[in-house]
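J.: Need a 3D model of the following:
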Amino acid sequence: GVSPALWAAIAVVVVLLSWWGATAYVESQRWNGYLGSLAAEQGLVVVSQETRWGQHYLTGLRDPLARDPLEILSQTKLNPAHVSARWEPYQALQPKFIEARAKAILQPPPGGVLNYENGVLYVSGPVEFSWIAENARLAKAIPGVSVLRRGESLDAALDRLRPEIEGLRLRFASNSPTPADEEGPRIDKLIDQLRELSDTAAKTNRSLHLEINGYADASGGSEIG
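T.: Model (predicted):
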C-alpha cells in the first residue's frame, strides 16, 4: 500500500499546483486588463508584450502629452515590480494632441481658440489676420497640420450649436400646418444656425443630415401635414 506520508506529499503538491494555477490566472486577467486600458488611451501604442516567469515586459510608443502609463498601472492590482516597460516618444495625430501642441507653439492671442479637423487648424475668436499670416508657415511644421485657417471646424461648430438646435421645440397653430406667430424669431435663428453649419461643412467637403421629428394631437384633420 501507499504510505500516509506519500499521500500527504501528493496532497501538498495538488494544493500547490491549484494555488499556482489560480494565481497565474488572476495575474493574467490583471495583465490583460492593463493592456486593454493602455490600448483605450489616446497617445499610447503598445508595440509588443510578453510574460516570462511571472515578469511582464512591454514596449510601446507614448506621446509626451499622453497620460502617464504608471498612473494607469497604479489603478490595477499588478505589482509594479513585476512590470518592465520601455516607452519611445512619438507624436500622436489625434485632434486633442495636435490642438495642444499648436497652442503651445503658436500661442494664440487672448480669446483665440484653436481646433483641428482633417488636416486644417482653425483659429476662431478675436484674432487679427496678420497673426494668421505670420503663423501660417509655422503651423505647417506641426505634424498633421496642412493649413492654418480662420474659422471653426465642423465638429466644434456642432458641439456649440447642437444642444440648442436639438432642444428646440416649435409649436404650430391649432389645426394648421403653419407654425404659431410667436415662433417666427426662433425659426429665423434656427435658419441662421443651420446656414452656418452648412457653410462650415461645405468648406471641409462634408455633408450634414438633419432629422426633424413632429407630434400632433387629435384636434386637427388627417389631411393637414
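
J.: For A92, the count of nearby residues, please.
T.: 21 (other CB atoms under 10 Å). Backbone N, C-alpha and C define where each C-beta goes, glycine included.

J.: any idea of the mean pLDDT in stretch 147-164?
T.: Taken as a whole, stretch 147-164 has an average pLDDT of 84.

J.: Use 22 as the first number from now on
T.: With the count now opening at 22, the last piece we talked about shows up as stretch 168-185.

J.: Compute the distance from the centre of it to the centre of its chain.
T.: Chain-centre distance of stretch 168-185: 16 Å, with CA atoms, centre = their mean, to the nearest Å.

J.: Could you do stretch 103-113 as well?
T.: 21 Å.

J.: which residues sit in contact with the residue nearest to the spatial centre of the chain?
T.: The geometric centre of the chain, computed from its C-alpha atoms, lies nearest to Q63 (CA atoms, centre = their mean), at 7.6 Å. Counting by CB atoms under 8 Å, 6 or more residues apart in numbering, Q63 touches 84, 87, 113, 115, 117-118.

J.: List the contacts of the host helix or strand of R216.
T.: If you go by DSSP states H and E, R216 is part of helix 205-224. Identification of contacts with helix 205-224 by CB under 8 Å, 6+ apart yields 172-175, 178-179, 182, 185-186, 189, 191, 200, 228-229, 231.

J.: Repeat that for stretch 94-109.
T.: 48, 51-52, 54-55, 58, 75-83, 90-91.

J.: I'd like to know which of the residues you listed are buried.
T.: 48, 51-52, 55, 58, 77, 79, 81-83, 90 (16 or more other CB atoms under 10 Å).

J.: Heading C-terminal from the helix or strand of the chain at the bottom of the mean pLDDT ranking, find the next helix or strand.
T.: Using mean pLDDT, DSSP states H and E, the weakest-scoring helix or strand in the chain turns out to be helix 25-61, at a mean of 80. Later in the chain than helix 25-61, the nearest helix or strand by DSSP H and E is strand 65-73.

J.: Quick check: mean pLDDT of that following strand?
T.: The pLDDT scores in strand 65-73 average 94.
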